[in-house]
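Trainee: got a predicted model here, sequence first, then my questions.
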Amino acid sequence: MECAPCSPIPESGLLRAGLGCGDPADAGVVAASRSQHLANHRHSSLADVVHIGWAYLLAASFAINHFDLFGLRQAWYASRNEDCPDLAFKEHWMYRYSRHPIMLGVLIGIWFPAHMDGSRLMLSIGLSLYMLIGIYFEERDLVRQWGAQYEDYKKRVGALWTLKPGA
């Protein structure tokens, strides 16, 4: 895929600089433009990590019931004045390696941008703290809901990542 230049290059300067003749200032424009282009695209491997993080989040969302994830199933039962039955506890796919793969995907997505400036750093720190606090409270609720079954799961699988699943 060919990339367009990040800033316009005067065609006359590009031609003269390429031929080694003409105004030396035009050659400087070409060199500055090329170095700016390289600076804008030097973090492409980090951008790939960001995409992997967001793709991981999306895939993890499909490992669970979307109606439950967005509260639609609970709202349906509440609108009919019925108790919402619990779903079966499942430990499959990404959940064998991480108890919170959706949050892992978000963490990867926010910590590996192509360019990390001060604002993004503060956002990443704030969202990370928010998610870690959320994991604490979610874990407490899951232990209350699933009891010993979830306690056993916590012993075998890390909150964000496990190198040896089922160990």
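Mentor: Sure, I can see it. Numbers count the residues shown, from 1 in each chain.
Trainee: what's the mean pLDDT across the helix or strand containing residue 77?
Mentor: Secondary-structure assignment from DSSP states H and E places residue 77 in helix 72-79. Mean pLDDT, computed over helix 72-79, is 93.
Trainee: residues contacting the residue nearest the centre of the chain?
Mentor: The geometric centre of the chain, computed from its C-alpha atoms, lies nearest to residue 109 (C-alpha atoms, centre = their mean), at 2.2 Å. Contacts were defined as C-beta atoms under 8 Å, 6 or more residues apart in numbering; by that measure residue 109 touches 50, 53, 54, 57. Bear in mind the C-beta positions are built from the backbone N, C-alpha and C, glycine included.
Trainee: could I get the buried residue list for stretch 55-74?
Mentor: By neighbour count, with 16 or more other C-beta atoms under 10 Å as the criterion, the buried positions of stretch 55-74 are 56, 57, 60, 64, 73.
Trainee: redo those residues as JSON lines? Include distance to residue 90 and secondary structure.
Mentor: As requested, the buried residues of stretch 55-74 are arranged in JSON lines below (distance: C-beta to C-beta, whole Å; DSSP: H, G, I helix; E, B strand; the rest coil):
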{"residue": "56", "distance to residue 90": "18", "secondary structure": "helix"}
{"residue": "57", "distance to residue 90": "19", "secondary structure": "helix"}
{"residue": "60", "distance to residue 90": "13", "secondary structure": "helix"}
{"residue": "64", "distance to residue 90": "8", "secondary structure": "coil"}
{"residue": "73", "distance to residue 90": "15", "secondary structure": "helix"}
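Trainee: what segments of the chain are strands?
Mentor: Assignment of strands within the chain using DSSP state E yields no ranges at all.
Trainee: that older thread, name the helices or strands packed onto the helix holding residue 77?
Mentor: Helix 72-79 makes packing contacts with helix 66-69 when contacts are defined by 3 or more C-beta pairs under 8 Å, 6 or more residues apart in numbering; DSSP states H and E.
Trainee: now the helix it packs on - C-alpha only, CSV.
Mentor: The C-alpha atoms that make up helix 66-69 are tabulated as CSV, following Å, rounded to 0.1, in the frame of the first residue of the first chain:
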residue,chain,number,x,y,z
HIS,A,66,-23.8,-10.4,24.0
PHE,A,67,-27.4,-10.1,25.3
ASP,A,68,-26.0,-10.6,28.8
LEU,A,69,-23.0,-8.3,28.2
